[in-house]
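K.L.:
coords please:
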Amino acid sequence: ILRGRKGVGMKEEDVRREESKGVGDKAPLSSEKKEKKEQKLSSFLLRVGSGIVLLLLLFLILPRGGMLLLAMNYLLSLLACYELLKCFSLEKDRLAFFPFLFITFHYYALYRDRHAETVLLVLYFVLCSMNYVFHYPKKNIREIGLYFLAFPYTGLLFSYIYQSRMLMHGAILVWLIFLSSWAADSCAYAAGMLFGRHKMTPVLSPKKTWEGAVGGILGAFLLTYLYGLYFSVKQQGLFHSPLKLALSVAVASLFSIVGDLTASGIKRDFGIKDYSHLIPGHGGILDRFDSVLFTAPIIYYALVFFVQ
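P.N.:
Model (predicted):
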């Protein structure tokens, strides 16, 4: 057959040489496939391992609350702020200390049991505007807008984890933040794999589907209802209406999708894959907590005004 393809006049040695070339070409391809499979498996195991460590830290710190949680929350905000400024290429700018300073003011107010979010936000906006005016045209409105995003996004939103924990029955209720974000995300992933057909945002996040989003919301609703029912039975009617808890988490899980897509959009706009490599297999703080940033305030205000 080989002689028929290459020519009738080929010698036997030439035929053997051609056969050995064919085997040699296939070998690198098979080894490349094996390497890719091994890389995928190792990255998956790394992701699972670091995720387990992260969950263990949360299980250790969240139930205790108090100063330990406040310190952890403050550290997360500082790291997230640095990641965001680095994404904007502003981490070495003279004004880079500004959002860190106001994040510190905010957590100090929480330490003193004061809520100064509105005052700090207004003052931060005024000072950012003053910096723009006095350094124009060296400073442009785009840069000032990026600075203005840093403080509320990484400072205020993150702090609602601590604030939710400090509510009455906060040791139980704070987990609703993660049920509406991480648990909803897992349910959405499973539903998308099984039933996903219609793309939600083909350009921004091609793998997200409307079916996955609905599955995530329904999954979070069901898990939270069972969660509330369990503690109502265990602690003699701790929650008068597990349905209210489930509805609150369902609404928050809708915003968790917005939080995830917001972080993805920022990364795409600035041409980066991950905010950092702080958490192996996950990326940075903002990569892992992007949805939590949006669910935490929703859960907090739902607990204050709707559930309790």
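
K.L.:
hey, where'd the strands end up in the stretch 101-250 of the chain?
P.N.:
Along the stretch 101-250 of the chain, counting by DSSP state E, counting those that start in this stretch, strands occupy 199-201, 205-209.

K.L.:
Would you reformat the ones you listed as JSON lines and include mean neighbour count?
P.N.:
The C-beta positions use only the backbone N, C-alpha and C, and glycine is treated the same way. Shown next, in JSON lines, are the strands of the stretch 101-250 of the chain (neighbours: other C-beta atoms under 10 Å):
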{"stretch": "strand 199-201", "mean neighbour count": "15"}
{"stretch": "strand 205-209", "mean neighbour count": "16"}
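
K.L.:
Nearest approach to L254 belongs to which of the ones you listed?
P.N.:
For those, the distance to L254 is smallest for strand 199-201, at 12.0 Å, taking C-beta to C-beta.

K.L.:
Distance from the chain centre to the closest one, please.
P.N.:
Relative to its chain's centre, strand 199-201 lies at 18 Å (C-alpha atoms, centre = their mean, to the nearest Å).

K.L.:
What pairs with that strand, parallel or antiparallel?
P.N.:
In the sheet, strand 199-201 lines up against strand 205-209 (antiparallel) (DSSP bridges).

K.L.:
what does the partner strand contact?
P.N.:
Contact with strand 205-209 is made by 188, 192, 195-201, 257, 260-261, 264, as judged by C-beta atoms under 8 Å, 6 or more residues apart in numbering.

K.L.:
In those residues, which residue is surrounded by the most others?
P.N.:
Ranked by the number of neighbours (other C-beta atoms under 10 Å), those place A188 first, at 27 neighbours.

K.L.:
Tell me who's in contact with the closest residue to that residue other than its chain neighbours.
P.N.:
Distances taken as C-beta to C-beta, 6 or more residues apart in numbering place G216 nearest to A188, at 2.9 Å, with adjacent residues excluded. Residues in contact with G216 (C-beta under 8 Å, 6+ apart) are A184, D185, S186, C187, A188, Y189, A191, S253, S256, I257.

K.L.:
got it, and I144?
P.N.:
So I144 contacts C128, S129, N131, Y132 (C-beta under 8 Å, 6+ apart).

K.L.:
Next one: it from L60, what distance?
P.N.:
Here I144 is placed at a distance of 40 Å from L60 (C-beta to C-beta, to the nearest Å).

K.L.:
ditto for F125
P.N.:
37 Å.
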